[in-house]
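Engineer: quick one: sequence plus predicted model below, questions after.
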Amino acid sequence: MSNSPFDPARQNTDLTAKITSGLERIAGVFRVLLWDHAKTIGLSPIQIQLLIFVAHHDDDLCNVSHLAREFNLTKPTISDALKALVQKGLTEKVPDKLDKRAFTIILTPKGKEVVVSTELFASPVEASINKLGTPDKEQLFSSLQELIFRLNKVGIITVQRTCFGCRFYEQKPDGHFCNFLGKNLLTNELRIDCPEFEAS
């Protein structure tokens, strides 16, 4: 028996290995869904991901430096993808008023249309999750929050905006509390990508 989490012999006796292998399969599902959709509309997977991200995040997160950190890619790779999106008429560069070298990425009307037809590529995954009962979904979500937080702490996930890593979050004896909202949070109210996030 090897130490690999992908060794079935190890999985038979190690729950951690089973979970790791299971997550790898889920990651593969997202890759397949994204690639299949990318082929139908003539975009690369990263171009689709950039369009969806820009559509749903504030302007201050939509620049080359942040996008490189967000997707754990080099700035040249992000720049090339954005250049292609500009050439296809899906995005525009808005120059920064203070720094002539910097710019913000925004969607064009055509880009917004592509996002509407593209951002549901993960619907099969969402539909499967939706078949779980509420307690199972809450437990899965809580575990994912914790896993993302821990992977961020060791530098594998470079950017995260979850409650557990936020300065406004507080774990209290009776549960979760957000000092920004000034209220207790149920598990299903915790956020995985919070617009008010500030790193702790």
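Structural biologist: Perfect, thanks for sending it.

Engineer: what's next to the helix or strand bottoming out on mean pLDDT in the chain, contact-wise?
Structural biologist: Within the chain, no helix or strand scores below helix 8-11, which has a mean of 87 by mean pLDDT, DSSP states H and E. Residues from elsewhere that reach helix 8-11 (Cβ atoms under 8 Å, 6 or more residues apart in numbering): Met1, Ser2, Asn3, Ser4, Pro5, Ala17, Lys18, Ser21. For the C-beta atoms, the positions are set from N, CA and C on the backbone; glycine is no exception.

Engineer: confirm Thr104 sits in a strand?
Structural biologist: Yes: Thr104 forms part of a strand when assessed by DSSP: H, G, I helix; E, B strand; the rest coil.

Engineer: okay, strands next: where are they in this structure?
Structural biologist: 91-95, 103-107, 169-172, 175-178, 183-185 (DSSP state E).

Engineer: next, the angle from the second one to strand 91-95.
Structural biologist: Right, strand 103-107. Strand 103-107 and strand 91-95 meet at an angle of 150 degrees, taking axes from the mean of the first three to the mean of the last three Cα atoms, to 10 degrees as the criterion.

Engineer: tell me the bridge partners for the closest residue to Leu85 other than its chain neighbours.
Structural biologist: Leaving aside its sequence neighbours, Leu85 sits nearest to Thr91 (Cβ to Cβ, 6 or more residues apart in numbering; 4.3 Å). Thr91 forms beta bridges with Leu107, as assigned by DSSP bridges.

Engineer: which residue ranges form the helices in the chain?
Structural biologist: Read by DSSP state H, the chain holds these helices, from start to end of the chain: 8-11, 15-41, 45-56, 64-70, 75-87, 109-118, 123-130, 134-153.
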